[in-house]
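> Sequence plus the predicted model coming up.
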Amino acid sequence: MKLYYSPGACSLAPHIVAREAEIALVLEKVDIATKRTECGANFLEINPKGSVPVLELRDGERLTEGPAIVQYLADQKPERGLAPLSGTMARYRLQEWLGFINSDLHKTYSPLFNPVTPEPVRSERKAALLKYYAFLERHLGAQPWLLGDRFSAADAYLFAVTNWAPHVGLDISGLVAIASFQQRVAGRPAVQEALLAEGLLSMSNDAIHK
């Protein structure tokens, strides 16, 4: 399978999940600004929506949208425990967290990466993010992972999105549980492998984007 990704983008989440599941992926980097892949392909022909991640399956079919991709990857290796079994309440809890991260956190960050976003909008978006992180701080202060005592695909997504905070000037340094969570995720061997493969362990701040 092939993952189309951009370093530091939300595509980091499925990259982490694949490595946690020990699923081999071919990586193809995408320049989101020019919509070209590192092999010179027109990315809009691969995904007309123009966004990463895209997972190209072995039969050539393509799957888009991070929450769908991380669940697909997790389901390929159910024994790894990255997603609860389909049809269980625990699986719906996973989807609940993926939905929150996608629709509330991720989309609230998006305007902060646009240099023409007016300052009042930036301030409002940062205030909203701090409210969401206060909720997460309480939750993660009581348990190590979003679903309890086991790392899941939702944790990979939260980690990827929360990494954006310093790059948009969002100060969450006072949130002890969030900081501890980020450190726990970053210390996982599979996560280190993904970060290294994307060049994120030495990447400058301005190279990381949504």
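Received it, and whenever you're ready, just let me know what you need.
> What score does residue 204 have for pLDDT?
We have a pLDDT of 35 for residue 204.
> Sorry, slip of the keys, the one I care about is residue 171.
The per-residue pLDDT reported for residue 171 equals 97.
> What of residue 109?
On the pLDDT scale, residue 109 is placed at 98.
> again, but for residue 209
The model's pLDDT for residue 209 equals 40.
> the longest strand in the protein is where?
Longest strand in the chain by number of residues, with DSSP state E as the criterion: strand 26-31.
> Quick check: buried residues in it?
28-30 (16 or more other CB atoms under 10 Å). Backbone N, C-alpha and C define where each C-beta goes, glycine included.
> strands paired with that strand, and their directions?
Using DSSP bridges, strand 26-31 pairs in its sheet with strand 2-5 (parallel), strand 36-37 (antiparallel).
> Quick one: mean pLDDT over the longest one.
Here the mean pLDDT over strand 2-5 is 98, rounded to a whole number.
> do the last one as well
Throughout strand 36-37, pLDDT has a mean value of 98.
> how near is residue 199 to residue 8?
9 Å (CB to CB, to the nearest Å).
> In terms of neighbours, single out the busier of these two.
residue 8 (21 against 13; other CB atoms under 10 Å).
> Over to the more buried one. Which of the three states is it?
Here residue 8 is recorded as coil under DSSP: H, G, I helix; E, B strand; the rest coil.
> Just the pLDDT for it.
Per the predicted model, pLDDT is 95 at residue 8.
> Make sure it is actually in contact with residue 200.
Yes: contact criterion CB atoms under 8 Å: residue 8 and residue 200 qualify, at 5.8 Å.
> give me the element the residue of the chain positioned farthest from its centre is part of.
Distance to the chain centre peaks in the chain at residue 120, reaching 26.5 Å (criterion: CA atoms, centre = their mean). Assigned by DSSP states H and E, residue 120 falls within helix 119-140.
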